[in-house]
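S.K.: All I have is the shape, not the residue letters:
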C-alpha cells in the first residue's frame, strides 16, 4: 500500500471548492487571518510585500501536520522495531525503559519524558543504513494502522494543513518541516505526504557515518543523538538548515514556542499560528496537561503576541482526507 499523496488528497475536493484556497477551513477568523497575511506579503503594491526568496514558511510535524496521539508515531514505530530486535537479541533490553518499550508499555516510557523516548529511538534506529531505515519506516507507515481510527498512519495527515501548504507554495512560499521528530524518519514520507522534499526537512539528528562496504558507498545510522530539534533547538535548526528567519511558522505545542517567537520577532510582516486540539469527536482534545503536545505558554501568550490560535473543532470543516 502506498500512502495517500498530497496530490490525491487535494484531488478528492469538489471542483467548486478548488476556487477557495482553503476549502476545508470554516469561514472564521483563523482562515481570514491567513489569507489576509498571504495577500499582504505577495502584493507588489503592498507596503508589507515580501520577495519570493524571503517567503519562508516552517511547520512543526507531530500535532501540526498529522496526529500525534496517543503517542508520536515515530515512537510507535520504534517500539515495534525494538520488539523485533529484542526477539533476536534480548541483551539489548538493558534498562527498565527499554524493557517497558519492548512490552508496549508506553506509559512507563513516556513517564521518563524525552530522555526515555530518545533512549528507545537510539537503540531501535541504530545499526542500519539510512536507505534501509527509510525504506522500513515507509513500509511501516503505509501498512501499520492507528489503534483508534484503523487508518494507516501515513494517511492521518490533516486535510486543512495540506491545503495551507499548497496555498502557500502557489503564492511563492517555500515550505519546510521543522520537527522534534527524527530527520530520517520524516524524510521517508514527507515528499509524498506533504509535497515537502527531503532537503526541506529539519529534524532531530543522530550520529551518521560514511563507509564503503563490499564496494558500495553507504551512510549508516550509528546510534546516539547529535542534535535535538525541539524547543530552543528549533531556531538553531532553522539557521543551520535554512539560513534565514521564516516569515510564517505553525506549530501546536509549547515545543514550538521558540520557533514562533523567532519567526515573529523579525522585521516586517510576520505570522505565527498554533493548532489547538479541541475536537475529541473527530480527532483528540488536549492542551495544558499530558505527556505530549502540551500547550500552556502558547495559549497564555500567543494571542498577545498576535499569533493565530486555530480551534480545530470550530475552524476546520474537515480533519482528514478520508473524512
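M.R.: It's in. Since the structure is predicted, the reported quantities are computational estimates derived from the model, not experimental observations. Residues are numbered from 1 along each chain as shown.
S.K.: which residues of the stretch 201-323 of the chain score low on pLDDT?
M.R.: For the stretch 201-323 of the chain, applying pLDDT under 70 flags no range at all.
S.K.: please redo it, this time with the cut-off set to 90
M.R.: Scanning the stretch 201-323 of the chain with the threshold set as pLDDT under 90 gives 223-225, 290-292.
S.K.: buried ones in the helix or strand harbouring residue 39?
M.R.: Using DSSP states H and E, residue 39 maps to helix 29-42. Using 16 or more other Cβ atoms under 10 Å as the test for burial, helix 29-42 gives 30-31, 33-35, 37-38, 41-42. (Each C-beta comes from the backbone N, C-alpha and C, glycine too.)
S.K.: now for the following helix or strand past that helix, which elements pack on it?
M.R.: On the C-terminal side of helix 29-42, the nearest following helix or strand under DSSP H and E is strand 56-59. Here strand 56-59 touches helix 159-170, strand 174-182, strand 248-251, going by 3 or more Cβ pairs under 8 Å, 6 or more residues apart in numbering; DSSP states H and E.
S.K.: Give me whichever of these is most buried.
M.R.: strand 248-251 (a mean of 29; mean count of other Cβ atoms under 10 Å).
S.K.: for that one, packing partners?
M.R.: Partner elements for strand 248-251 (3+ Cβ pairs under 8 Å, 6+ apart): strand 56-59, helix 159-170, helix 257-264, strand 271-276.
S.K.: OK, contacts around residue 83?
M.R.: Shown in contact with residue 83 (Cβ atoms under 8 Å, 6 or more residues apart in numbering): 102, 104.
S.K.: Check whether it sits in a helix, strand or coil.
M.R.: Three-state call for residue 83 (DSSP: H, G, I helix; E, B strand; the rest coil): helix.
S.K.: need the helices for the stretch 1-150 of the chain, in chain order.
M.R.: 6-11, 29-42, 73-88, 96-102, 106-111, 113-125, 130-143 (DSSP state H, counting those that start in this stretch).
S.K.: rewinding a little: now tabulate the helices and strands packed on strand 248-251 in a markdown table and tack on distance to residue 219.
M.R.: Listed next are the helices and strands packed on strand 248-251 as a markdown table, based on distance: least, Cβ to Cβ, whole Å:
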| stretch | distance to residue 219 |
| --- | --- |
| strand 56-59 | 25 |
| helix 159-170 | 28 |
| helix 257-264 | 27 |
| strand 271-276 | 34 |
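S.K.: So what sits opposite the residue nearest to residue 233 when sequence neighbours are not counted in the bridge?
M.R.: Nearest non-adjacent residue to residue 233, counting by Cβ to Cβ, 6 or more residues apart in numbering: residue 227, 6.9 Å away. Residue 227 forms beta bridges with residue 205, as assigned by DSSP bridges.
S.K.: Do me a favour and get the end-to-end distance for stretch 89-107?
M.R.: 24 Å (Cα to Cα, to the nearest Å).
S.K.: Just the mean pLDDT for it, thanks.
M.R.: Here stretch 89-107 scores 90 as its mean pLDDT.
S.K.: buried ones in it?
M.R.: In stretch 89-107, counting by 16+ other Cβ under 10 Å, buried: 92-93, 97-102, 106.
S.K.: ok, now stretch 210-225?
M.R.: Applying 16+ other Cβ under 10 Å to stretch 210-225 flags 220-221, 225 as buried.
S.K.: Kindly report the same for stretch 262-281.
M.R.: Here stretch 262-281 shows 262-264, 269-279 as buried, counting by 16+ other Cβ under 10 Å.
S.K.: what's the closest non-adjacent residue to residue 275?
M.R.: For residue 275, the closest residue by Cβ to Cβ, 6+ apart turns out to be residue 252, at 4.1 Å.
S.K.: quick one, the helix holding residue 39 and strand 271-276 angle?
M.R.: 160 degrees (axes from the mean of the first three to the mean of the last three Cα atoms, to 10 degrees).
S.K.: Which elements pack onto helix 29-42?
M.R.: Counting contacts by 3+ Cβ pairs under 8 Å, 6+ apart, helix 29-42 is packed against helix 159-170, strand 271-276, strand 308-311.
S.K.: With distance to residue 201 as added columns, please give those in a markdown table.
M.R.: Converted to a markdown table, the helices and strands packed on helix 29-42 look like this (distance: least, Cβ to Cβ, whole Å):
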| stretch | distance to residue 201 |
| --- | --- |
| helix 159-170 | 13 |
| strand 271-276 | 19 |
| strand 308-311 | 23 |
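S.K.: thinking again about what came up before, any idea of the mean pLDDT for the helix holding residue 39?
M.R.: 98.
S.K.: what's it in contact with?
M.R.: 21-22, 25, 46, 48-50, 55, 164, 167-168, 171-172, 247-248, 269, 271, 273, 308-311, 315.
S.K.: hang on, isn't the residue nearest to residue 233 packed against residue 237?
M.R.: Yes. Residue 227 is in contact with residue 237 according to Cβ atoms under 8 Å; the separation is 7.1 Å.
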